[in-house]
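Student: Pasting the sequence and the predicted model now:
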Amino acid sequence: MLRNLVPPRFASALLNDCGEIRYADLRFLELLRLEWPECDVSGVAKLVQEQLLQAHAFRGKFIEISMVPESESVCQARPTAAFTIMTPRETLVARRFAAGLSHKEVARELGISPNTVRTQLTNVYAKLKLHDKGALANYLMLQSAAASSCRPN
């Protein structure tokens, strides 16, 4: 099995006539969970539907969603800014850990083992060239602030 492949830059979904997600690949759903970790993914779609149908694009803190040109029903999602270098799961782990949760608490919340959390954090620290929890929290806070300042009002 090829596990170390770079994830695709874009993830796709098919919308029905009402703008609801009819089909989405797993990466698309992971990206939605990255932007809205506490929400049900089916409910999240409704938050974006109107904007996609009117403006053909949505830009959040962590993801961008846009309609495929010359298509009425296909949209693509991709991570924004530095989050492109982390996988969606690494970002979820990093955000929770930086918010003050322990390895065990993060593992329990995400349904993974504490060793997996440690491994993912090691990867995050290496990718971002950081060395501690405080630096990680500061980095994520700055990325969030930069992403929100780029949003149109």
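Tutor: Now that the structure is in, tell me what you want to look at.
Student: Only C-alpha atoms from now on, for both contacts and neighbour counts.
Tutor: Noted.
Student: quick one: buried residues of stretch 121-132?
Tutor: 121, 124-125 (16 or more other CA atoms under 10 Å).
Student: Hmm, I typed the wrong one, I wanted stretch 91-99.
Tutor: 91-98.
Student: So what's the model's average confidence on it?
Tutor: In this model, stretch 91-99 carries a mean pLDDT of 91.
Student: Show residues contacting it.
Tutor: 34, 37, 83, 103, 106, 117, 120-121, 124, 133-134, 136-137, 140 (CA atoms under 8 Å, 6 or more residues apart in numbering).
Student: before we move on, back to that, using CSV, lay out the buried residues of stretch 121-132 together with secondary structure and pLDDT.
Tutor: Formatted as CSV, the buried residues of stretch 121-132 follow (DSSP: H, G, I helix; E, B strand; the rest coil; pLDDT from 0 to 100):
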residue, secondary structure, pLDDT
L121, helix, 95
V124, helix, 91
Y125, helix, 90
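Student: Tell me where this structure has strands.
Tutor: For the chain, strands defined by DSSP state E occupy the ranges 11-15, 21-24, 57-59, 63-67, 74-79.
Student: Ranked by average pLDDT, which of those strands falls at the bottom?
Tutor: The bottom spot among those, by mean pLDDT, belongs to strand 57-59, with a mean of 79.
Student: partners of that one in the sheet?
Tutor: strand 63-67 (antiparallel) (DSSP bridges).
Student: tell me the angle of the strand it pairs with relative to strand 11-15?
Tutor: 50 degrees (axes from the mean of the first three to the mean of the last three CA atoms, to 10 degrees).
Student: how close does the residue most central in space within the chain sit to G60?
Tutor: With distances taken as CA atoms, centre = their mean, the residue of the chain nearest its centroid is L34 (3.0 Å). Applying CA to CA, to the nearest Å, the value for L34 to G60 is 10 Å.
Student: Around the residue nearest to G19 when sequence neighbours are not counted, how many other residues sit close by?
Tutor: Distances taken as CA to CA, 6 or more residues apart in numbering place Q49 nearest to G19, at 5.4 Å, with adjacent residues excluded. Applying other CA atoms under 10 Å, we find 18 residues neighbouring Q49.
Student: and Q49, how far is that from L15?
Tutor: Counting by CA to CA - Q49 and L15 are separated by 9 Å.
Student: Next: H56.
Tutor: Taking CA to CA, one finds H56 at 12 Å from L15.
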